[in-house]
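Visitor: next come a sequence and a model predicted from it.
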Amino acid sequence: MKIVVDENMPYVEPLFGALGEIIPVNGRTLTPEQVQDADVLLVRSVTRVNAALLDANPKLKFVGSATIGTDHVDLAYLAGRGIPFSNAPGCNATAVGEFAFIAMLELAARFNSPLKGKVVGIVGAGNTGSATAKCLEAYGIKVLLNDPIKAAEGDPRHFVSLETLLHQADIISLHVPITRTGEHKTLHLFDEARLMSLKPNTWLVNCCRGDVIDNQALIKVKQQRDDLKLVLDVWEGEPNPMPELVPFAEFATPHIAGYSLEGKARGTFMLYQKLCELLAIPATKHLSELLPPFHFKAVELEQAPDEKALLQLARFVYDLRDDDAVFRNGFVKENGFDTMRKNHKHRREFSALALAYHGQSEVDWLSNLGFSGVGR
Ligand SMILES: NC(=O)C1=CN([C@@H]2O[C@H](COP(=O)(O)OP(=O)(O)OC[C@H]3O[C@@H](n4cnc5c(N)ncnc54)[C@H](O)[C@@H]3O)[C@@H](O)[C@H]2O)C=CC1
Ligand SMILES: O=C(O)C(=O)[C@H](O)COP(=O)(O)O
């Protein structure tokens with residue numbers, strides 16, 4: 001069996017090695033010739049999976065994308081040809097939730113304006129939005145959810161309208177898929193008028209898809225409104241963000257909010273499970289075998305952390321400032337955006353760090369935040 005795989009998908013060899021011949025390819029530049037005799041195609045978000053790529057392949061049995069988003073895949077085309085497809089819903093939701101939470105802690109420290117006491121509005125209350133809410137609520141932050149689709153489906157959580165959210169939230173975090181048509185389309189959901197209407201000193205975090213915000217309008221608005229603070233992980237025109245926009249972001253990264261080692265491993269592992277199911281063979285590998293040990297075994301807490309100490313703990317696990325610095329220096333270089341993504345292999349999730357503390361109940365919230373071993 002020939003398995004064509006994006007070279008940036010980790011843990012492919014240990015999971016798929018026994019199932020067939022693995023052919024690593026550059027997912028961004030993948031050609032029809034490279035996939036014409038593949039039995040299995042495993043991609044990431046940078047590959048357009050459509051008729052142009054696959055029409056020449058008569059034998060494809062499975063397409064997997066180790067991503068949450070599916071906007072790069074022509075699902076109707078695959079269904080029309082009867083080619084089974086699977087993405088990896090939720091695989092990197094914890095990574096995105098922790099990224100957004102850490103970014104908010106970083107902004108709070110930078111502007112000497114504590115996160116505690118602020119109201120955070122989450123637009124899109126699916127896997128990543130809920131993971132962000134979980135971190136915030138663990139830390140005692142009031143969260144407002146906007147998701148008209150979930151609300152209409154009868155999701156029992158409390159939802160507010162987007163207008164209420166914009167009016168009440170101090171921080172807005174975006175977690176919607178990119179959709180270009182329909183009642184709830186998200187393309188340029190944040191257009192010039194909406195951006196201009198944000199209340200003074202709003203922090204806006206985007207780690208879903210670049211074109212949910214009109215980036216040209218964002219530049220225009222930022223030229224007039226220095227009070228707005230931005231965290232941008234995703235950009236219109238990736239892998240070539242608008243160079244004028246980058247300096248306006250307090251934290252700027254190359255679409256790596258979901259890039260924890262745990263999240264990436266989960267993504268590949270979910271496709272491995274799907275393929276085994278399709279081939280009707282047992283999935284004998286385990287996710288826990290894939291991850292390397294974390295540098296720090298445990299951190300002993302002297303007292304329950306305040307916000308400054310919480311940020312220090314978070315930085316043990318993931319220091320967003322490092323990625324921001326590399327991005328600013330590198331995004332304009334040839335292939336700078338993709339090179340940084342390719343080399344991004346250092347980030348862990350809170351669960352990788354064990355915390356030791358004598359006095360369980362005072363720090364229960366740290367376990368809810370995701371750290372392991374709290375209180376033992
Ligand atoms: N930066 C990164 O590395 C990553 C980005 N993503 C992006 O984030 C998106 C969201 O991921 P998940 O939360 O896992 O997806 P999900 O499908 O679990 O949740 C998305 C939610 O958005 C809601 N929604 C759709 N249109 C809306 C609108 N107009 N207003 C408010 N809510 C709306 C849906 O009802 C759904 O509940 C993905 O589609 C992907 O594009 C996902 C993972 C990593
Ligand atoms: O899961 C998604 O959706 C994402 O946006 C991914 O985190 C993007 O990562 P790549 O698939 O482009 O490596």
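Guide: Arrived safely. Ligands and ions are numbered 1, 2, ... in the order given.

Visitor: report the contact partners of whatever residue of the chain ends up closest to ligand 1.
Guide: Closest approach between the chain and ligand 1, counting by C-beta to the nearest ligand atom: residue 126, at 1.8 Å. Heads up, the C-betas are built off the backbone N, CA and C, glycines and all. With contact taken as C-beta atoms under 8 Å, 6 or more residues apart in numbering, residue 126 is in contact with 147, 150, 175.

Visitor: from the residues you listed, which is closest to ligand 2?
Guide: Nearest member of those to ligand 2, counting by C-beta to the nearest ligand atom, is residue 175, at 11.0 Å.

Visitor: so the closest one makes contact with residue 129?
Guide: Yes: assessed by C-beta atoms under 8 Å, residue 175 is found in contact with residue 129 at 3.4 Å.

Visitor: neighbour count for these two, which is higher?
Guide: Taking neighbours as other C-beta atoms under 10 Å, residue 175 and residue 129 compare with residue 175 leading, 29 against 26.

Visitor: contacting residues for the more buried one?
Guide: Here residue 175 is in contact with 96, 122-126, 128-129, 132, 207-208 (C-beta under 8 Å, 6+ apart).

Visitor: residue 92 too?
Guide: Taking C-beta under 8 Å, 6+ apart as the contact definition, residue 92 lies against 67-68, 128, 257-260, 263-264, 266-267.

Visitor: cool, residue 54 as well?
Guide: Contact analysis of residue 54 by C-beta under 8 Å, 6+ apart lists 32, 35, 41, 60, 77, 81, 83.

Visitor: show me where the protein has strands.
Guide: 2-6, 21-25, 40-43, 62-65, 85-86, 119-123, 142-146, 171-174, 203-206, 229-232, 251-252, 298-300, 354-356 (DSSP state E).

Visitor: in a markdown table: those, plus mean neighbour count.
Guide: Converted to a markdown table, these look like this (neighbours: other C-beta atoms under 10 Å):
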| stretch | mean neighbour count |
| --- | --- |
| strand 2-6 | 21 |
| strand 21-25 | 16 |
| strand 40-43 | 27 |
| strand 62-65 | 24 |
| strand 85-86 | 18 |
| strand 119-123 | 24 |
| strand 142-146 | 21 |
| strand 171-174 | 26 |
| strand 203-206 | 25 |
| strand 229-232 | 23 |
| strand 251-252 | 22 |
| strand 298-300 | 13 |
| strand 354-356 | 17 |
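
Visitor: quick one, domains of the protein?
Guide: Following automatic domain parsing, one gets these domains for the chain: 2-87+260-289, 94-252, 299-369.

Visitor: least reliable of those domains by average pLDDT, please.
Guide: With a mean of 93, domain 299-369 has the lowest mean pLDDT of those.

Visitor: that domain: end-to-end distance?
Guide: Start-to-end span of domain 299-369 (C-alpha to C-alpha, to the nearest Å) is 15 Å.

Visitor: hmm, it touching ligand 1?
Guide: No: residues of domain 299-369 contacting ligand 1 under C-beta under 6 Å from any ligand atom: none, with a closest distance of 9.5 Å.

Visitor: cool, stretch 226-237 as well?
Guide: Yes: judged by C-beta under 6 Å from any ligand atom, stretch 226-237 and ligand 1 are in contact via 233-234.

Visitor: give the contact list for the spatially most central residue of the chain.
Guide: The centroid of the chain falls nearest to residue 258 when counting by C-alpha atoms, centre = their mean (3.1 Å). Neighbour list for residue 258: 67-68, 91-93, 95-96, 99, 128, 207 [criterion: C-beta under 8 Å, 6+ apart].

Visitor: thinking again about what came up before, of the contacts of residue 54 - the most surrounded one?
Guide: residue 41 leads the contacts of residue 54 on contacts (other C-beta under 10 Å) with 28 neighbours.

Visitor: that residue against residue 62, yeah?
Guide: Yes: in this structure residue 41 lies within contact range of residue 62 using C-beta under 8 Å: 7.4 Å.

Visitor: follow-up on the earlier one: and of the contacts of residue 54, the nearest to residue 284?
Guide: Nearest to residue 284 among the contacts of residue 54 is residue 41, at 22.8 Å by C-beta to C-beta.

Visitor: show me what the closest one is bridged to.
Guide: Here residue 41 sits in beta bridges with residue 4, residue 63, going by DSSP bridges.

Visitor: the contacts of residue 175 into CSV, with extra columns for distance to residue 284?
Guide: Formatted as CSV, these follow (distance: C-beta to C-beta, whole Å):
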residue, distance to residue 284
96, 30
122, 38
123, 41
124, 36
125, 36
126, 31
128, 30
129, 34
132, 34
207, 34
208, 35
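
Visitor: and the two most separated of these?
Guide: Across the contacts of residue 175, the longest distance by C-beta to C-beta is 14.8 Å; it joins 125 and 207.
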